[in-house]
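J.: kindly return the folded structure for what I paste below:
(one chain, ligands or ions: 2)
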Amino acid sequence: MTSTPRVLVVEDDAALRALLTELLASEGYDVHASTGGRDALAHLAQHPDIGVVLTDLLMPDGTGEELLRAVAGRQPALRVIVMTAFGSIESAVRLVRAGAFDYLTKPVTTTELLRTVARAVTDQPVSATTAHAPGTPGSGELVARSAIMKEVLGVVDRVARATHPVLFTGESGVGKEVLARRVHERSGRGPFVAVNCAAIPDASVEAELFGHARGAFPGAERERAGLFEAANGGTLFLDEVAELPLSVQPRLLRALESGEVRRMGDATATTFDVRVLAATHHDLESEMREGRFREDLYWRLAVLQIEVPPLRDRPDDIEPLAEQLLAEASGGRVHRLDGSARRALLGYGWPGNVRELRNAMQRAATLATSNHVAAGDLPPRVREGEGIASLIQRASQELLPLEAVERAYVLDVLKRADGNKTRAAEILGLDRKTLYRKLTEWAAGSDGEGQQPSS
Ligand SMILES: Nc1ncnc2c1ncn2[C@@H]1O[C@H](COP(=O)(O)OP(=O)(O)OP(=O)(O)O)[C@@H](O)[C@H]1O
Ligand SMILES: [Mg+2]
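T.: Ligands and ions are numbered 1, 2, ... in the order given. Coordinates of the predicted model:
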């Protein structure tokens with residue numbers, strides 16, 4: 001981008017809004033301000049050249065989450081940074097899953113704020129149509145070093161030439177879309193048409209999928225082909241398929257069964273040849289039990305179901321993924337992890353999966369001062385690891401490296417001993433020297449910004 005980057009600050013607290021605006025303006029940004037989610041949406045509609053939104057979460061006039069969900073489908077190039085109250089990690093994770101670029105915990109520090117905004121600005125795609133814009137899945141090689149991902153990839157490659165539907169399931173950010181694209185690339189078929197079912201308003205889904213005749217409904221001034229017709233000869237990817245309104249599901253089922261579509265308001269049927277792929281991070285079986293997803297459609301789509309495992313279940317993929325994502329983010333300048341960074345990456349739970357790792361590596365690429373990344377270049381939540389309670393719960397379910405558990409527990413005890421190392425060593429049954437040595441080792445993996453135990 002050649003012009004001054006435009007940032008929209010959305011904050012209901014007038015004093016904080018003024019402060020943020022001033023701070024960003026003094027850094028040379030063109031700053032706009034809104035007092036709530038609704039106002040912000042209207043503002044964005046009038047100023048499509050705004051590239052970054054910095055928004056508070058709880059506001060009387062439309063929450064940050066509503067704002068994020070409203071723009072996520074419509075303006076995928078927009079980078080949304082949310083500010084959340086300290087300690088509300090769940091809401092932060094939910095937002096990263098919903099497409100937030102990153103989040104900041106309040107109170108927001110100046111350095112963290114400016115860094116994050118700078119990253120969001122440079123992450124802008126050159127143009128909305130660039131095939132390999134940052135963030136476009138499939139821009140790099142697919143990494144699969146763990147046995148379990150090799151197996152998944154094996155299945156993907158085997159079914160690529162088939163024509164039956166495939167349903168990809170798994171948590172947000174695990175790589176469902178990249179795998180769907182891989183199926184298409186290896187299928188030798190025509191166009192790849194992707195539709196995010198969560199991003200289309202319920203009332204328009206039917207017209208989007210099947211098209212409509214002229215005058216089929218108010219506003220249908222011209223006839224239009226649907227996505228099925230657009231994907232003819234190729235692949236139609238129904239992303240977030242669990243969000244498909246119940247009212248449209250029978251029609252989709254009929255189309256899949258008959259191989260024919262009828263535009264809305266049109267009596268003639270057209271046959272199509274489309275390979276259908278679908279993905280969801282929801283548990284479709286429970287959606288069926290709750291009556292939100294039709295069972296017959298499920299069985300149609302899930303002829304083959306591929307469950308993509310979360311990143312925490314395939315630790316062998318973390319390092320090669322991190323290195324590739326780093327190299328991608330830095331144009332090859334940064335491509336290595338030092339020991340402290342590697343340990344932090346392995347000790348973290350990655351609730352946002354590969355997408356969260358990608359964001360962390362983009363950040364690290366801008367912070368790293370040499371060709372390698374240290375733990376201090378990682379987001380605080382990664383380098384500080386998760387809280388002891390959730391870590392112990394996780395350790396009771398899966399196998400974790402001793403160091404991850406040890407570090408979290410030692411730091412927790414030290415905190416509860418009010419930072420008194422003699423007392424902490426007593427509780428832990430360690431001698432003071434050993435405790436000091438451990439703390440020094442761990443501190444070497446931090447840039448001092450984090451919560452270092454005070455002496
Ligand atoms: N195995 C992999 N190798 C390289 N990059 C990957 C891999 N898996 C995922 N990614 C990258 O991680 C990001 C998230 O992947 P993707 O969009 O496919 O996730 P998803 O499962 O569709 O998530 P959601 O449910 O939130 O839509 C993308 O940038 C993608 O390129
Ligand atoms: Mg996806």
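
J.: helix, strand or coil for the residue of the stretch 301-450 of the chain found nearest ligand 1?
T.: When scored by Cβ to the nearest ligand atom, the stretch 301-450 of the chain has residue 354 as its residue closest to ligand 1, at 3.5 Å. In this view, the C-beta of every residue, glycine as well, is placed from N, C-alpha and C. Assigned with DSSP: H, G, I helix; E, B strand; the rest coil, residue 354 falls in the helix class.

J.: tell me the contacts of residue 101?
T.: Residues near residue 101 by Cβ atoms under 8 Å, 6 or more residues apart in numbering: 52, 79-81, 119-120, 123, 359.

J.: same check, this time on residue 253
T.: Applying Cβ under 8 Å, 6+ apart, the residues near residue 253 are 294, 296-297, 300.

J.: how much space between the closest residue to ligand 1 within the chain and residue 202?
T.: Per Cβ to the nearest ligand atom, residue 175 is where the chain lies closest to ligand 1, at 2.6 Å. Remark: distance between residue 175 and residue 202 (Cβ to Cβ, to the nearest Å) = 28 Å.

J.: so those two - more neighbours on which side?
T.: Between residue 175 and residue 202, residue 175 has the larger neighbour count (other Cβ atoms under 10 Å), namely 26 against 13.

J.: avg pLDDT for stretch 150-158?
T.: Stretch 150-158 carries an average pLDDT of 91.

J.: then stretch 44-60?
T.: Stretch 44-60 comes out at a mean pLDDT of 90.

J.: same question, stretch 167-187
T.: Stretch 167-187 comes out at a mean pLDDT of 94.

J.: hey, C-alpha coordinates of it in PDB?
T.: The C-alpha coordinates for stretch 167-187 follow below in PDB (Å, rounded to 0.1, in the frame of the first residue of the first chain):
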ATOM      1  CA  LEU A 167     -16.300 -34.000   4.800                       C
ATOM      2  CA  PHE A 168     -13.400 -32.500   6.700                       C
ATOM      3  CA  THR A 169     -13.900 -32.100  10.400                       C
ATOM      4  CA  GLY A 170     -11.600 -30.800  13.100                       C
ATOM      5  CA  GLU A 171     -11.000 -27.700  15.300                       C
ATOM      6  CA  SER A 172     -10.600 -24.200  13.800                       C
ATOM      7  CA  GLY A 173      -7.300 -23.600  12.100                       C
ATOM      8  CA  VAL A 174      -6.200 -27.200  11.800                       C
ATOM      9  CA  GLY A 175      -6.000 -27.000   8.000                       C
ATOM     10  CA  LYS A 176      -9.300 -28.300   6.700                       C
ATOM     11  CA  GLU A 177      -9.400 -25.800   3.900                       C
ATOM     12  CA  VAL A 178      -5.800 -26.500   2.700                       C
ATOM     13  CA  LEU A 179      -6.600 -30.200   2.600                       C
ATOM     14  CA  ALA A 180      -9.800 -29.500   0.600                       C
ATOM     15  CA  ARG A 181      -7.800 -27.500  -1.900                       C
ATOM     16  CA  ARG A 182      -5.300 -30.300  -2.100                       C
ATOM     17  CA  VAL A 183      -8.000 -32.700  -3.000                       C
ATOM     18  CA  HIS A 184      -9.100 -30.400  -5.700                       C
ATOM     19  CA  GLU A 185      -5.600 -29.700  -7.000                       C
ATOM     20  CA  ARG A 186      -4.900 -33.400  -7.400                       C
ATOM     21  CA  SER A 187      -8.300 -34.200  -8.900                       C
END
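
J.: in it, what counts as buried?
T.: 167-184, 187 (16 or more other Cβ atoms under 10 Å).

J.: ok, residue 98 touching residue 68?
T.: Yes. Using Cβ atoms under 8 Å as the test, residue 98 is close enough to residue 68 to be in contact (5.7 Å).

J.: which of these two has more residues huddled nearby?
T.: residue 68 (24 against 15).

J.: list the contacts of the more buried one.
T.: 55, 80, 82, 95, 98-100.

J.: got the contact list for the residue of the chain closest to ligand 1?
T.: 137, 142, 308, 353-354.

J.: just residue 214 next, same as before
T.: By Cβ under 8 Å, 6+ apart, residue 214 lies in contact with 220-223, 265.

J.: which ones among the buried residues of stretch 167-187 are found in strands?
T.: 167-169 (DSSP state E).

J.: near ligand 1, which of those residues show up?
T.: Among these, none lies close to ligand 1 by the criterion of Cβ under 6 Å from any ligand atom.

J.: wait, is residue 305 part of a strand?
T.: Yes. Counting by three-state DSSP, residue 305 is part of a strand.
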